[in-house]
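>>> Need a 3D model of the following:
(one chain, ligands or ions: 1)
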Amino acid sequence: VGTLQGGEAMVMTTLIPESKERMVLSDLPVIDLSGKRDKVRKLMVKACEEFGFFKVINHGVPNEIIDNVEKESKEFFSLPTAEKQKAGPPNPLGYGSKKIGFNGDTGDLEYLLFHANPTSIYDRIKNISSKDSNRFSSVLSDYVDLMKELACDLLELLGEGLGLEDKKTFSKFLKDSQNDSLIRLNHYPSCDSDADQRLSFMKTKDDKSSRVGFGEHSDPQILTILRSNNVEGLQIQSPLDGNVWIPVKSDPSAFFINVGDALQAMTNGRFVSVRHRAIVTAQKSRLSTMFFVAPSLQACISPLPEMVTLENRLKYRSYTWAEYKKTMYSLRLASNRLELFKLD
Ligand code: GA4
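Numbering: from 1, shown residues only. Down below sits the predicted model:
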């Protein structure tokens with residue numbers, strides 16, 4: 001993916017033939033945040049409408065903090081299982097391995113999931129004796145602070161880009177001290193385990209031996225900021241054809257942003273909450289960090305009046321974030337939760 005200076009985004013819609021029948025959309029929007037504000041917000045709105053997904057560069061988050069998070073999470077995941085479990089069972093917050101949610105979903109990963117605030121981070125990791133928990137939690141808290149700042153900027157740019165009367169309409173949810181935002185560290189072990197090696201003689205030429213790290217889903221929150229190490233794995237569902245998965249080239253120096261269900265609802269369907277998944281094919285293990293921007297439990301999510309017109313009638317009913325969470329935890333990972341809030 002090439003990048004242009006000054007807030008240019010390049011949406012290359014080069015179709016690369018994978019086979020005669022299948023075409024793959026290979027490149028996704030890249031937005032240079034050091035560009036002119038007016039241009040940046042227009043490109044962001046376009047990306048959210050077309051893909052529900054974009055990559056940001058020149059984001060201003062210092063490399064040192066990003067590297068610290070990667071180093072600390074690598075160290076954490078290499079600890080003995082009993083130590084990692086001291087972060088608590090995933091109820092849903094805590095340390096989890098293979099199990100996702102409460103309804104039988106599984107994935108080839110282990111993870112840490114916390115509320116994005118210093119006290120809950122520290123409370124979860126303070127008992128991990130073989131790790132300096134003060135350091136681990138301070139690194140994560142620093143990262144969360146920067147993610148909040150970046151998310152506020154992005155949400156305000158989107159508010160402006162949509163021409164909303166109050167540009168803080170979206171960022172207000174995150175500025176609320178009761179916000180339910182989360183931080184998640186995922187570790188996808190590499191694909192070259194002994195078992196894989198032993199099974200390799202059974203593989204056909206077409207079998208690229210990929211495993212599902214985290215199955216397809218959309219994020220329930222407002223916005224997600226993802227960063228991963230230099231290992232591929234993330235795929236987004238093509239907005240043009242639900243059967244096509246677009247591999248996202250890894251870029252450890254960038255952040256990947258995706259629209260969540262709540263932003264789709266508030267924009268009355270103008271922005272799309274993109275379905276995505278993580279695949280494990282690499283010989284190296286993948287580490288990713290996600291910051292999920294969520295409102296407070298009492299917050300009401302409803303289509304903004306500005307987004308409802310005669311041509312684009314009211315699509316979703318209002319809901320509280322608490323109500324949405326209850327619904328999402330009662331369903332499978334791949335369910336289309338927002339459909340249940342759709343008006344006829
Ligand atoms: C998907 C996005 C976030 O990772 C997450 C996930 C959550 C979990 O792992 O506990 C969920 C999933 C996610 C959506 C449906 C429910 C809840 C697992 C699951 C089956 C933390 C989130 O908020 O929703």
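>>> list the contacts for the residue of the chain found nearest the ligand?
Here the chain gets closest to the ligand at one residue, G101, 2.4 Å apart by C-beta to the nearest ligand atom. All C-beta atoms are positioned from the backbone trio N, CA, C, and that covers glycine. If you count contacts by C-beta atoms under 8 Å, 6 or more residues apart in numbering, G101 has them with 92, 329, 332-333.
>>> Look up the closest residue to V244, ignoring the ones flanking it.
Closest residue in space to V244, ignoring its immediate chain neighbours: S238 at 3.9 Å, by C-beta to C-beta, 6 or more residues apart in numbering.
>>> so what's S73 up against?
Counted by C-beta under 8 Å, 6+ apart, S73 has contacts 112, 185, 187, 287, 289.
>>> and the protein, which residues reach the ligand?
Proximity of the chain to the ligand (C-beta under 6 Å from any ligand atom) is limited to residues 92, 100-101, 105, 113, 182, 184, 217, 219-220, 292, 328-329, 333.
>>> Throw the residues you listed into TSV and include pLDDT and secondary structure, thanks.
Compiled in TSV, the residues of the chain next to the ligand are given as follows (pLDDT from 0 to 100; DSSP: H, G, I helix; E, B strand; the rest coil):
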residue	pLDDT	secondary structure
P92	95	coil
I100	97	strand
G101	96	coil
D105	97	strand
L113	98	strand
L182	98	strand
R184	98	strand
H217	98	strand
D219	98	coil
P220	98	coil
F292	98	strand
M328	97	helix
Y329	97	helix
L333	98	coil
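>>> among those residues, which ones are buried?
Using 16 or more other C-beta atoms under 10 Å as the burial test, the residues of the chain next to the ligand include 100-101, 105, 113, 182, 184, 217, 219-220, 292, 328, 333 as buried.
>>> coming back round to it: mind listing which of the contacts of S73 are in strands?
Among the contacts of S73, the residues falling in strands (DSSP state E) are 112, 185, 187, 287, 289.
>>> now those residues in CSV, with neighbour count and distance to N229?
As requested, those are exported to CSV (neighbours: other C-beta atoms under 10 Å; distance: C-beta to C-beta, whole Å):
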residue, neighbour count, distance to N229
L112, 26, 16
L185, 22, 11
H187, 20, 10
L287, 22, 5
T289, 22, 9
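>>> With pLDDT added, can I get those in JSON lines?
Output for these, formatted as JSON lines (pLDDT from 0 to 100):
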{"residue": "L112", "pLDDT": "98"}
{"residue": "L185", "pLDDT": "98"}
{"residue": "H187", "pLDDT": "98"}
{"residue": "L287", "pLDDT": "98"}
{"residue": "T289", "pLDDT": "98"}
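>>> Just give me the closest of the residues you listed to K39.
T289 (28.2 Å; C-beta to C-beta).
>>> partner residues bridging the closest one?
T289 forms beta bridges with L185, R227, as assigned by DSSP bridges.
>>> For it, give me its contacts.
By C-beta under 8 Å, 6+ apart, the neighbours of T289 are 69-70, 73, 143, 183-186, 226-228.
>>> if you set the cut-off to 6 Å instead, what comes out?
T289 is in contact with 69, 185, 227, counting by C-beta atoms under 6 Å, 6 or more residues apart in numbering.
>>> quick one: low-confidence ranges for the chain?
For the chain, applying pLDDT under 70 flags the ranges 1-27, 192-209.
>>> From V274, how far out is the residue lying closest to V61 once chain neighbours are set aside?
Leaving aside its chain neighbours, V61 sits nearest to L146 (5.0 Å; criterion: C-beta to C-beta, 6+ apart). The spacing between L146 and V274, counted by C-beta to C-beta, to the nearest Å, is 23 Å.
>>> And for S130?
For S130, the distance to V274 - C-beta to C-beta - is 38 Å.
>>> Is N103 in contact with L333, as I believe?
No - N103 is beyond contact range of L333, at 7.9 Å (criterion: C-beta atoms under 6 Å).
>>> R275: neighbour count?
20 (other C-beta atoms under 10 Å).
>>> Next up, the contacts around it.
Applying C-beta under 6 Å, 6+ apart, the residues contacting R275 are 216, 218, 237.
>>> Not counting its neighbours along the chain, what's nearest it?
Here the residue nearest R275, using C-beta to C-beta, 6+ apart, is Q237, at 4.1 Å.
>>> Now do the contacts for the residue most central in space within the chain.
With distances taken as C-alpha atoms, centre = their mean, T224 lies nearest the centre of the chain, 4.1 Å away. In this structure, T224 makes contact with 258, 290, 292, judged by C-beta under 6 Å, 6+ apart.
>>> Could you rerun that using 8 Å?
Going by C-beta under 8 Å, 6+ apart, T224 touches 257-258, 260, 290-293.
>>> in stretch 83-95, what's buried?
For stretch 83-95, the neighbour count (16+ other C-beta under 10 Å) marks 83-88, 90, 93-95 as buried.
>>> quick check, nearest of those to K39?
Nearest to K39 out of the buried residues of stretch 83-95 is L93 (C-beta to C-beta; 39.0 Å).
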